[in-house]
Every structure is written in structure tokens, then in C-alpha cells.
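Colleague: Here's my sequence, what's the structure:
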Amino acid sequence: MNNVDSKNIKFALDVGTRSIIGSVGIVENDKLKVICERYLEHEERAMIDGQIHDIELVAKSVKKIVDDIELELGIKLDNVSIAAAGRFLKTINSEGKMELNSEEEIKKEDIRNLEMIALKEAECEINKTTDGKLYCVGYSVKNYYLNGFVISNLIGHKGENVSVEVIATFLPRSVIDSLYTVMKKVGLRVSNLTLEPIAAIEAVVPKNLRLLNIALVDIGAGTADIAISSKESISSYGMVPQAGDEVTEAVVHECLVDFNTAEYIKRNLDLKEEITYTDIIGFENTIKSENIKKIIRPVVRKIAEGISSKIIELNGNKSPSALFLVGGGAHTPWMIEELSEKLNIPVQRIAIKDRKAVVDCISDNNLGSAGVTVLGIALIALKNGEKDFIDVILNGTPVSMFNSHNHTIMDVIIQAGINPSMLIGKNGKNLRYKLNGVKRIAFGEKGKNPTIRLNDKIESIDKKVKDGDIIEIAYAVLGKDARPKVIEQIKEFNSISIYINDELINLEPMIIVNNEIKSIDYYIQEDDDINIIFPKSIKDIKEYIIKEDVSLEKDGVQLLEDYIVNEGDKLISYRNISFKDMPKGEINKDANKEEVQVNDDKKNLSSGTEIQVTFNDKLITLSGQKDYIFVDIFNYIDFDLKEAKGIINLLLNGNKVGYTEELKDGDNIQVFWS
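Modeller: Residues are numbered from 1 along each chain as shown. Purely as a prediction, here's the structure:
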């Protein structure tokens, strides 16, 4: 090994529940050639279900492997590539929802934003039960929904709202610390860290096969790690905490043996027709393999059910096209048959993959399917370089990500904890209303989409990133909701000024909203029914300006209701009294908020002040009251009020007055129809 540059050496460790495999390889003809390898089983159960329980015992086993390899190769190993077990992964189902502008088509960016909302929800949910930093290592979409209905592809559609269901997988940083502690104890520096299911699929599923929907299951002793490939990428990961040890424990109870003896029996079920063993009492026993297989089948069925259920969940509620098995547990009797039944796929589409399937490696096949994952760990280290985490800069802040796969800008945003809403340039809400009987829409302000720059070049959110990249994001700007004013609905109008009883009146538009008068600066609300009226006729002036039943004259001539006023018109108003529909002897009229009553009965004239007035050139004496108003004259004169004969005219000393005008001694009164 003196002619080998130590920098070209790749050292990978697969620390499993039952065993540890160490492989050293060098690059030769673009392939990784394994030059030294060691396999060692734990002396005791130092690991359970893939998790280190006794750091010292695991470190002792790792140290022995390192020492043996260094002795054989005559080199010093400083760096190591490792993988975190699938049991560390936390998988959760989550839903993301987003309101849409129903006028615009759904774009790819909208779908990515929707997925990020779902991932943010997933992270928040996991954070409730997990402390420390989380790394999103993958997710897959189960279903998209448009207006509440399932749809396979959202792009190009229009709607009011969309939602997505995803299954997301996270790796807590804290759970891999024990692996780092073990490596530190034996003097190794972790140069690359991956996940065991990623390593396994990297080894046996070449990139050209990842177009297919393939599930890979690494069945170890404590866990079954799952990875799903689809559309040229590894889309999701998962884990089932049931594997080979469950079968071994069933043999322990059936044969009354210790764990290691049970492992021996299990491994020889397909190799020997009969197996001889010594139980814990000390008796030697011989049992047929077929009998043990019948005993363990219910356990295998339960494991297969758990694996199949998780595969279907990770794969969008459907079975994959094919299933690859690796790991020592892949050879467990009945495993393939049970998986075939539970996944409803032919046995011919389930294959156990060993080292012969690893096309990018040159190695022997002594370890079979159990030696696949360690080769995948080495291949990933070769591809990713000596980086367990990659660091990028987002808007001036470093973001560290687990170097498990090719990351995109979207991954950086998720890892940085950016709220997905900051990337959605929503338009403001539209507002619908009715104007003079016509339906109208006021459109909200258009939102501004985010601008993403990668190393000073504008890129999409799906652009891949590498260690040291600089990302700058100008976040989205929300459009303001539509908030139109009534005055904005009036294109143009000419304000006319007139005089009524010498008072200057400006005839401006009248705003009627939902049958209520509003100002011209009124902000329109959703579903308002608006009428804008431009007063210009005598009828309009009486209805909207004076708001009383009056007569209007110009230059002594009474104006008809359809008369159109002109700039500067000088009008005189006086009230109209119609007695046609009133009860005999009584008139009720709201005049300046005073009640006026006319009675046919003559007043009692025996007391009160007495005054004399002239009515239509006749002298009349009023008596019996302290004060008198104009209407009192009708108690003393013979004037037919039963039937209106036109407009009644009330003159006091030559001036037009109302019914409540005060009378004084000597006043000259005239009343006549016109």
C-alpha cells in the first residue's frame, strides 16, 4: 500500500444493530475498488433498533475494525464516512392550504410555495415533541386538491383555493450525536454523513433506474429502512422499527435458547433441513427447519405488514412498481411471499440485491446483501466529497444543511425557517359591487413576486445549490386589497349652483348605498348596491335637496317637476298643503317639527286676548286665545278646505308665510287657490 495516496482512500463504516462493517476502497477506472474489509458482530446487544445504547461497547468494536484494517494496509485512517440509521428519521403527514386569485392560472412557483407551507406545518408539528435542530431530508406529495377536489396536476388550472397533503421526513440533529461521539473516541473525523436508506438505494438503484417507481428496503436486525425512488430522484424515506430481531426473539422463546443461538438457528433455516442446538437447560436438541419456519411465519407476516404499510404511505397511497431488498433480514423465510401479498405485486417484481448489483464498485460478494449499505456509504462520500454538512449564505446568514442529497434553494429556505408566505406575491382581494344596476369588480393591487439570486444570478426556487453558495432573496410584496371610493366611480360631472330662497345651493351627486345616503368619499364594501344620482330637475331637488313637499317658483312662475335647472337659477320655495285625503276638520302637518291642527269647531271666545285682522279685505276679530298663528284664521272664515283646487297661497302683509306664522293685531291676511 506504499504506492497508494492516503487522500484517495475512502473509509466507510456501517454501524448496524447486530454488526459493524468497515470497508476501505480506492478509485480505479471511475469505480470504487474495495481493498480491505472487516465484519464484526457486537459481543453484546450494544445497539437496539439501530440506536446506540452503550457507546463504550460500540466504540470498542469500531476500534477493533479500524486497528485490523490499519494493520493489514499499513496506513493510518483519519477520516470516516458513516450513515445514520433509519430509526432516527421522523416522518409526519401534513397539509398545506393556500388561497388563489381565481382569475390567474396556477404556476409551478405556486405549487412549490404550497408544498413549502405543508412542510412548515410538518416541522411545527414535529417540533412539539422534538427538541433541537431538524433537517428535512425528503418529502413526497400524496394528493393535490383544487377547490376541495383531488387533482393530479395543478399547473394551468384556475380556482379559489388549493391544498396539498405531503409526507415529510426529518432528521433531528441531536440523535446523530452518539455516532459522532463513537467516532471521536476512536480518533476518527466524520467526513461525510448520510442516511442508511439513501446509501442503500445509491448502491443498488442506478440513476437510470430511478425514473421507475422503486421501493428499496434495507431489512436489518433492528429496523427496516425504506427509500422510494421516482422521477429520477429519491422522493421519500421512512423506517419501520421491526426487523430481524423480532424473528430471532420468536426463536428464543420457542427453542428456549439465548439470543446468539437463536440467530444461529435462524440463519441456517434455508441451509439445513435439521438444526441441532443446545438449550439453556443444557440439553441438546434437533429440530426440523420446516417446523421453525411455521412458527416464525406469523412474526414475518407482522413485519411485512408494517413494511408494506409504510411503503404505501410513503409512495402516495399506492404500491411501487418493484421492490428491492437488501440487508441480512432480506433472506428471512417467507419475507418475499408476505411482502408480495401485502403490496399486491408479483413475487417476480421483488428481488434481493447483493453486491453484484452495485455497478460502481469492485468487490467480492462474501457479505452478500448485508454488505450493500456500506458500499453505498462509500459511493455517496465519493460523490459528495468530504462534507457531512454543507453551508450556504442566505441573505447574509449562514444556513447549514445535512448533506444527504442534492439540495435546492427551496431546501435552504425550509432549513432557514423562512415563512413560505414571504415568497407568495398575492394580489390584493377583488371587490364586487353594483353601480346603478350594473355589476362591477374593483381589482386588488397586483402583488410583487420574490426575486431569487444565486451567486448574483437570478434563478428559480428549484435551482440546485452547493457548499459556499450565496443566495439573496427579495421577498414578495403583497398587493393591497381593492378599496375603491364612490368619487372614483364618477368620471366627470359639472356642479351647478342655484339659489333657493336666496340660499346658495350646489347641486352635487347624491350617493345612495343600500338605500342609505352616503358621502362622496364613501369606501365601497363587498356587495354594495350603489346608485349615483345627479340632481338636475325640480323633482330631484325636491326629493334629494329640500326633502319636503314644496312648490318652487322662478320669476313668479311655478316650475313643473321635469324642469331642468340652470346655473344661477333663483328659486322661491313654499310649502304645499293638500287637504284631499285628510279627515274633515283636521290637518296634521310636520312643519319645522311643530304640529299644526285645524278644527271645524269654533274656539271658545269667552276668554283670552282679542285682536283684529283683515282677511281678504274683511275685518275679523280673533278672541279666546293668548296668542294666534296663521292657521287660526280658518276658525273664523268660510273657506272650503274639503277639496283641493290647486295650490293654496298664504299671504301675510303681502308676504308668503307658513301656517305657524304668528299673527298680530292689524295684520292683513290673504288666502286663495292658484
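
Colleague: thought residue 524 was touching residue 532?
Modeller: No. Using Cβ atoms under 8 Å, residue 524 is not in contact with residue 532, being 11.4 Å away. No exception for glycine: its C-beta is placed from N, CA and C like everyone else's.

Colleague: more crowded one of the two?
Modeller: The neighbour comparison of residue 524 against residue 532 (other Cβ atoms under 10 Å) goes to residue 524, with 22 against 17.

Colleague: Find the nearest non-adjacent residue to that one, please.
Modeller: residue 484 (4.9 Å; Cβ to Cβ, 6 or more residues apart in numbering).

Colleague: wait, what's in contact with that neighbour?
Modeller: With contact set as Cβ atoms under 8 Å, 6 or more residues apart in numbering, residue 484 has these partners: 431, 442, 523, 524.

Colleague: Sort out for me which of those residues are in strands.
Modeller: Residues of those located in strands (DSSP state E): 431, 442.

Colleague: Give me the buried entries from the contacts of residue 484.
Modeller: 431, 442, 524 (16 or more other Cβ atoms under 10 Å).

Colleague: Quickly list what the first one is bridged to.
Modeller: Which is residue 431. Per DSSP bridges, the residues bridged to residue 431 are residue 442.

Colleague: Enumerate every residue touching it.
Modeller: Taking Cβ under 8 Å, 6+ apart, we find residue 431 in contact with 441, 442, 444, 481, 482, 483, 484, 524, 525, 526.

Colleague: what's the distance between it and residue 630?
Modeller: For residue 431, the distance to residue 630 (Cβ to Cβ, to the nearest Å) stands at 54 Å.

Colleague: Report the buried residues of stretch 476-493.
Modeller: Using 16+ other Cβ under 10 Å as the test for burial, stretch 476-493 gives 476, 478, 479, 482, 484, 486, 489.

Colleague: What pLDDT does the model give the second one?
Modeller: At residue 478, the predicted lDDT confidence score is 89.

Colleague: the strands in the stretch 101-250 of the chain, which residues?
Modeller: 134-146, 149-151, 161-172, 189-195, 214-219, 224-230, 233-240 (DSSP state E, counting those that start in this stretch).

Colleague: in the stretch 301-450 of the chain, which spans are helices?
Modeller: Secondary structure of the stretch 301-450 of the chain (DSSP state H, counting those that start in this stretch): helices at 335-343, 372-384, 409-415.

Colleague: for this protein, which spans come out with low pLDDT?
Modeller: 1-7, 44-53, 174-175, 363-370, 384-388, 404, 493, 575-608, 641-644, 646 (pLDDT under 70).

Colleague: and with 50 instead?
Modeller: For the chain, the stretches flagged by pLDDT under 50 are 577-607.

Colleague: Okay, domains of it per the record?
Modeller: 387-481, 484-576, 578-674 (automatic domain parsing).

Colleague: so which of the ones you listed gets nearest residue 224?
Modeller: domain 387-481 (18.9 Å; Cβ to Cβ).

Colleague: Give me the neighbour count for residue 70.
Modeller: By other Cβ under 10 Å, 15 other residues sit near residue 70.

Colleague: Tell me if it really is in a helix.
Modeller: Yes. Judged by DSSP: H, G, I helix; E, B strand; the rest coil, residue 70 forms part of a helix.

Colleague: which residues sit in contact with the closest residue to it other than its chain neighbours?
Modeller: The shortest distance from residue 70 to any non-neighbouring residue, by Cβ to Cβ, 6+ apart, is to residue 77 (5.8 Å). The contact partners of residue 77, taken as Cβ under 8 Å, 6+ apart, are 9, 11, 24, 66, 69, 70, 188.

Colleague: Let's see that with 10 Å instead.
Modeller: 6, 9, 11, 13, 22, 24, 65-67, 69-70, 186-189 (Cβ atoms under 10 Å, 6 or more residues apart in numbering).

Colleague: returning to what we had before: rebuild the buried residues of stretch 476-493 as JSON lines, extending it with distance to residue 293.
Modeller: Listed next are the buried residues of stretch 476-493 as JSON lines, based on distance: Cβ to Cβ, whole Å:
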{"residue": "476", "distance to residue 293": "61"}
{"residue": "478", "distance to residue 293": "65"}
{"residue": "479", "distance to residue 293": "68"}
{"residue": "482", "distance to residue 293": "73"}
{"residue": "484", "distance to residue 293": "78"}
{"residue": "486", "distance to residue 293": "85"}
{"residue": "489", "distance to residue 293": "84"}
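
Colleague: Out of those residues, which sit inside strands?
Modeller: Per DSSP E, the buried residues of stretch 476-493 never map to strands.

Colleague: Max pairwise distance over the residues you listed: which two?
Modeller: Pairwise over the buried residues of stretch 476-493, using Cβ to Cβ, the maximum falls at 476 and 486, 31.5 Å.

Colleague: measure residue 199 to residue 390 for me?
Modeller: Taken as Cβ to Cβ, the span from residue 199 to residue 390 is 18 Å.

Colleague: Just want to know which of the two has more residues nearby.
Modeller: Taking neighbours as other Cβ under 10 Å, residue 199 and residue 390 compare with residue 199 leading, 30 against 20.

Colleague: How about the more buried one: what's its closest non-neighbour residue?
Modeller: Closest to residue 199 by Cβ to Cβ, 6+ apart is residue 376, at 3.3 Å.

Colleague: Burial check on the one you found, number of neighbours?
Modeller: Residues near residue 376, counting by other Cβ under 10 Å: 30.

Colleague: how far does stretch 350-366 sit from the chain's center?
Modeller: Put simply, stretch 350-366 sits 43 Å off its chain's centre (Cα atoms, centre = their mean, to the nearest Å).

Colleague: rewinding a little: tell me which of the contacts of residue 484 is nearest to residue 401?
Modeller: Nearest member of those to residue 401, counting by Cβ to Cβ, is residue 431, at 43.3 Å.
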